[in-house]
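J.: mind looking at a prediction? Sequence and model below.
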Amino acid sequence: MPDLGDPIGSVTDSSPSMVRIEVNNAEDFEKHKAKLGVGQYLLIASGNNLYLLATIMAVRASHIDRAKPEDGDGGGGEADSIAFRFQIDTQPIGTLSEESDFTRGTPALPVPTEYAYVTPPEVLSAIFSKHITSPFSFGTLSVAPDVKFEVDGDRFFSKHVAVVGSTGSGKSCAVAKILQTVVGIEQKSNANKAAQKNAHIVIFDIHAEYAAAFRLAEAENFTLNLLDVDTLRLPYWLMNAQELEEMFIESHEINSHNQVSQFRHAVVRNKCRHNSGLANISFDRPVYFSIDEVVTYLENMNAEVIGKLPGEGKPKLADETLVSDRDSCYFDKLQSFVVASTAAASKASNGPFHGEFDRLILRLRTRLADPRLRFLFYPVKDGGKPLETGDFADVVRQFIGYLTKSNVSIVDLSGIPFEVLSIVVSLISRMIFDFGFHYSKNRHVGGHVSDVPIMVVCEEAHNYVPRSGGAQYDSSRKSIERIAKEGRKYGVTLMVVSQRPSEVSETIFSQCSNFISLRLTNAVDQSYIKSLLPDLSAGIGDLLPNLGQGEFLTVGDAPLMPTVGRFALPVPEPHSRSVNYLQEWNAGWREVNFDDVIERWRGKVLAATA
């Protein structure tokens, strides 16, 4: 333990949640004022050879004696006689021995009259350097910029993380800096270009801002796997039952039960048709089926007429042919049926689902004709052929970076229609979880653990895993919550990023072991974050609206103690803003080439299906 110098005061009150220090005199307070701000650290003697490390929560001054100066003593009047008494309230964090061994918790609280000292920077450096088994840089301490702030990297990346902060607080830069550090990017250079590391990061990027942070010069040998609406290959036949029904079925319709039953039947029969070599095919099994053939089948069921002449009782086509096996002809083309009739010579009646599927078919046809959804309904391989069951492995490889051998995969959600955003997130996250699950099981058979850790970064998570919302969020919420509850066992962890933490699924946040909070200005969000962090006192929580840009409060398993730090800016930075507002508002009137804008708009959104 280095020399602590003279004490600044002594303990007057002591409890597990608060230790109050009375400063010796105004001169001592003025001398150390720069080190006595809220959020800084004090050392308080606690028995023999032990010191309590405590965070300053509040500083107060109160007036004491107002004795008037004697006449003729040259005093400056009554104001000159005012004196102050200074008190500092601190929150206990841990115990430090003479050998600088730090332990979380306070087994021995200081008693009144024990001395308090300003914590030297070298003591803080020793704490953070000596007690971190797998150090990972988090920037510097906000209260001591010369002290490097490190957390336990293994505890950080092996558990779920929440990153929250109001817009403009530096949240995107903080996330980019953390991810750049772990993959070896520093000042636009790749530290691992000689030998690629085993990092696997998948970012759901809803604003298309993270690609800029991971694009390096070709010489740096860093490959970014960018998946957008033009390059993403996400075949609809990988959807499970919930996702398919969420995409096509309106649950509030009166006849939705009939729609579900016949849609399921058509999908299963079509899967059997295209995968004759496979047994035990179910609605959920991820094998190829033709969605166009399924729609044709449903249209035939919707128009079906049953012959009622003696010996018939089967669907009857316009050419008088009786349909014995719907699978043999309903998938191929639209059929023409006889007209329903009560006449004795041509007796026929509408089928059991005649006219039931008008709205369903219209919805299916509309979705299939939407050019924005071609990546989902008409994905093709490089050669132009459609993706089929045998391409399943390549579909999974693209998300984890194995097609391009990439450490970072960015799923650009900015061009994906909002009505299918939940389904896209659900499908990708579910496949990543399933890969981790089955890969881990294969490794366990040989007595090994999973050696492919994956982190899924959910940027702006409140948009697709909200705390409350309609059925359109059920699939994504279920998939992400499953990773939150079970993913760690199989090497899949979450980083949940949001500017409105109070609107994100409570289940997901409750599973996070590490929290990084940048400035939060909304009172509801502040209260919500405080309620989630058991070792965050009300005093530390009061710092949330006052943090500067890039400053953060971190609490959890990875940091030694609740700490306020500051991230360095990532280089390159994510592009989170595209307009210099004041500069452009004050610039001269600028003409816009609307023809080019509209042409791009049409090309991305309104073009007819080829």
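T.: That came through, no problem.
J.: what number of residues lie near the closest residue to residue 386 other than its chain neighbours?
T.: Distance criterion Cβ to Cβ, 6 or more residues apart in numbering; nearest residue to residue 386, sequence neighbours excluded, is residue 380 at 5.6 Å. Yep, even glycine has a C-beta here, placed from its N, CA and C like the rest. Residue 380: 13 surrounding residues under other Cβ atoms under 10 Å.
J.: and the one 10 residues further on, by the same measure?
T.: By other Cβ under 10 Å, 9 other residues sit near residue 390.
J.: specify the local secondary structure of it.
T.: helix (DSSP: H, G, I helix; E, B strand; the rest coil).
J.: find the centremost residue of the protein, please.
T.: Central residue of the chain (Cα atoms, centre = their mean): residue 458, 2.2 Å from the mean position.
J.: roughly how far apart are that residue and residue 181?
T.: Plainly put, residue 458 is 19 Å away from residue 181 if you go by Cβ to Cβ, to the nearest Å.
J.: cool, and residue 419?
T.: Taking Cβ to Cβ, one finds residue 419 at 36 Å from residue 181.
J.: ok, these two, which is more surrounded?
T.: residue 181 (19 against 13).
J.: that one against residue 136, yeah?
T.: Yes. In terms of Cβ atoms under 8 Å, residue 181 counts as a neighbour of residue 136; the distance is 7.1 Å.
J.: tell me if I am right that residue 316 is in a strand.
T.: Yes. Counting by three-state DSSP, residue 316 is found in a strand.
J.: surely it and residue 324 touch.
T.: No. Contact criterion Cβ under 8 Å: residue 316 and residue 324 do not qualify, at 11.2 Å.
J.: which of these two has more neighbours?
T.: residue 316 (22 against 9).
J.: list the contacts for the residue lying closest to the more buried one once chain neighbours are set aside?
T.: Counting by Cβ to Cβ, 6+ apart, residue 307 is the residue found nearest to residue 316 once chain neighbours are left out, at 3.5 Å. By Cβ atoms under 8 Å, 6 or more residues apart in numbering, the residues touching residue 307 are 313, 314, 315, 316, 322, 338, 347, 348.
J.: list the buried ones in stretch 505-521?
T.: 505, 507-509, 511-521 (16 or more other Cβ atoms under 10 Å).
J.: that should have said stretch 237-246, apologies.
T.: 237, 238, 239, 240, 242, 243, 244, 245, 246.
J.: in a markdown table, list these along with pLDDT.
T.: Output for these, formatted as a markdown table (pLDDT from 0 to 100):
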| residue | pLDDT |
| --- | --- |
| 237 | 94 |
| 238 | 93 |
| 239 | 92 |
| 240 | 90 |
| 242 | 88 |
| 243 | 90 |
| 244 | 91 |
| 245 | 88 |
| 246 | 87 |
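J.: filter these down to the ones in helices?
T.: Of the buried residues of stretch 237-246, the ones assigned to helices by DSSP state H are 242, 243, 244, 245, 246.
J.: quickly note the distance from the second one to residue 383.
T.: In other words, residue 243. Distance of residue 243 to residue 383, computed by Cβ to Cβ: 27 Å.
J.: what do you get for residue 405?
T.: Taken as Cβ to Cβ, the span from residue 405 to residue 383 is 21 Å.
J.: so which residues of the stretch 501-610 of the chain form helices?
T.: Taking DSSP state H, counting those that start in this stretch, the helices of the stretch 501-610 of the chain run over residues 506-510, 523-532, 538-541, 581-585, 594-601.
J.: next up, the contacts around the closest residue to residue 421 other than its chain neighbours.
T.: Leaving aside its chain neighbours, residue 421 sits nearest to residue 464 (5.6 Å; criterion: Cβ to Cβ, 6+ apart). Neighbouring residues of residue 464 by Cβ under 8 Å, 6+ apart: 204, 421, 422, 425, 458, 473, 476, 477, 480.
J.: could you do residue 362 as well?
T.: Here residue 362 is in contact with no residue (Cβ under 8 Å, 6+ apart).
J.: pull the number of nearby residues for residue 551.
T.: Using other Cβ under 10 Å: residue 551 sits among 22 other residues.
J.: so it touches residue 565, yeah?
T.: Yes. Judged on Cβ under 8 Å, residue 551 makes contact with residue 565 at a distance of 7.3 Å.
J.: residues contacting residue 426?
T.: Shown in contact with residue 426 (Cβ under 8 Å, 6+ apart): 242, 243, 475, 476, 478, 479, 480.
J.: list just the nearest of these to residue 33.
T.: Of all those, residue 33 sits closest to residue 480, with 47.2 Å by Cβ to Cβ.
J.: give me the element the closest one is part of.
T.: helix 474-486 (DSSP states H and E).
J.: mind listing what's buried along that helix?
T.: Of all the residues in helix 474-486, those buried under the rule 16+ other Cβ under 10 Å are 474, 475, 476, 477, 478, 479, 480, 481, 482, 483, 484.
J.: got the CA coordinates for stretch 297-306 in CSV?
T.: Taking Å, rounded to 0.1, in the frame of the first residue of the first chain, the C-alpha atoms of stretch 297-306 are listed here in CSV:
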residue,chain,number,x,y,z
TYR,A,297,-53.3,-25.5,-53.9
LEU,A,298,-55.3,-23.1,-51.6
GLU,A,299,-56.8,-21.4,-54.6
ASN,A,300,-58.1,-24.8,-55.9
MET,A,301,-59.4,-25.6,-52.4
ASN,A,302,-61.1,-22.2,-52.4
ALA,A,303,-62.9,-22.9,-55.7
GLU,A,304,-63.5,-26.6,-55.2
VAL,A,305,-66.9,-28.1,-56.2
ILE,A,306,-67.9,-31.6,-55.1
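J.: residues in contact with that stretch?
T.: 262-263, 266, 269-270, 312-316, 326, 330-331, 334-335, 337-340, 348-358, 360-361, 364.
J.: low-confidence bits of the chain, can you list those?
T.: Filtered on pLDDT under 70, the chain yields the residue ranges 1, 65-82, 532-540, 576-579, 600-610.
J.: could you look up the next helix or strand downstream of the longest helix anywhere in it?
T.: Of all the elements of type helix in the chain, the one with the most residues (DSSP H) is helix 421-445. Downstream of helix 421-445, the first helix or strand assigned by DSSP H and E is strand 454-458.
J.: what is that following strand packed up against?
T.: Applying 3 or more Cβ pairs under 8 Å, 6 or more residues apart in numbering; DSSP states H and E, one finds that strand 454-458 contacts strand 201-205, helix 421-445, helix 474-486, strand 492-498.
J.: repeat the analysis, applying 7 Å as the threshold.
T.: strand 201-205, helix 421-445, strand 492-498 (3 or more Cβ pairs under 7 Å, 6 or more residues apart in numbering; DSSP states H and E).
J.: just after the shortest one, pick out the following helix or strand.
T.: It refers to strand 201-205. Taking DSSP H and E, what comes next after strand 201-205 is strand 224-227.
J.: distance between that following strand and the chain's centre?
T.: The chain centroid and the centroid of strand 224-227 are separated by 18 Å under Cα atoms, centre = their mean, to the nearest Å.
J.: partners of that strand, with directions?
T.: Using DSSP bridges, strand 224-227 pairs in its sheet with strand 408-412 (parallel).
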